[in-house]
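Visitor: Sequence and predicted structure, then a few things I'm wondering about:
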Amino acid sequence: MGGQRKAMTELRPSLDDSLMPMAGQRDVVVLVCSTCKKPDSADGDNSSGAMLADAAVQAIGAEPPVNRIKVQAVECLGNCKRGCSAAILSPGDWHYVFGNLDAGSAGDLLVGARLMGSVAEGPLPWRGRPSSLKTGMIARIPPIAETGS
């Protein structure tokens, strides 16, 4: 149990209170590709993506419910040439896809999700974003405009 607790501590970067969402702020979903593998992995070895997904589920699952952050493992984000991938999204707002992640990036995804949840609307703040979520950004997708159907 002691080793597991230490591992969780390493995944949960410290954040000052200004980055902690308050009750009533927006929902954030983190999608993590569980089938990603490193380019040099043997066929059938998808442990890199599965490890990132498991670590993200564990790190984000420990968040207080007031933070409104959920994580979901998905089979493929179609970003296979850029290593382990994940997306951070908020319904009705900007969505982000990241690549070149690894199991140690779970804490960075948590920081990104907290940042996304800390602003009422608009893009994921650049300031405070972990470097892996700056250099590994694949796409920034704007919100879909209401069509009035």
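Guide: All right, it came through fine. Residues are numbered from 1 along each chain as shown.

Visitor: how about the strands of this protein, start to end?
Guide: Here the chain has its strands, by DSSP state E, at 28-33, 69-74, 84-89, 95-101, 137-141.

Visitor: How far does the first one sit from its chain's centre?
Guide: How far strand 28-33 lies from its chain's middle: 5 Å, per C-alpha atoms, centre = their mean, to the nearest Å.

Visitor: For residue 106, which non-adjacent residue is spatially closest?
Guide: Counting by C-beta to C-beta, 6 or more residues apart in numbering, residue 106 lies nearest to residue 55, which is 3.6 Å off, once chain neighbours are set aside. C-beta coordinates here come from the backbone N, C-alpha and C atoms, glycine included.

Visitor: quick one: that neighbour and residue 103 touch, right?
Guide: Yes. Judged on C-beta atoms under 8 Å, residue 55 makes contact with residue 103 at a distance of 5.0 Å.

Visitor: one step back: between the strands of the chain, which gets the lowest average pLDDT?
Guide: Within those, the stretch with the lowest mean pLDDT is strand 69-74, showing a mean of 90.

Visitor: Find the centremost residue of the chain, please.
Guide: The structure's the chain has its C-alpha centroid closest to residue 109; by C-alpha atoms, centre = their mean the separation is 3.3 Å.

Visitor: Residue 55 and residue 103: who's more crowded?
Guide: Counting neighbours by other C-beta atoms under 10 Å for residue 55 and for residue 103 shows that residue 55 has the greater number, 24 against 17.
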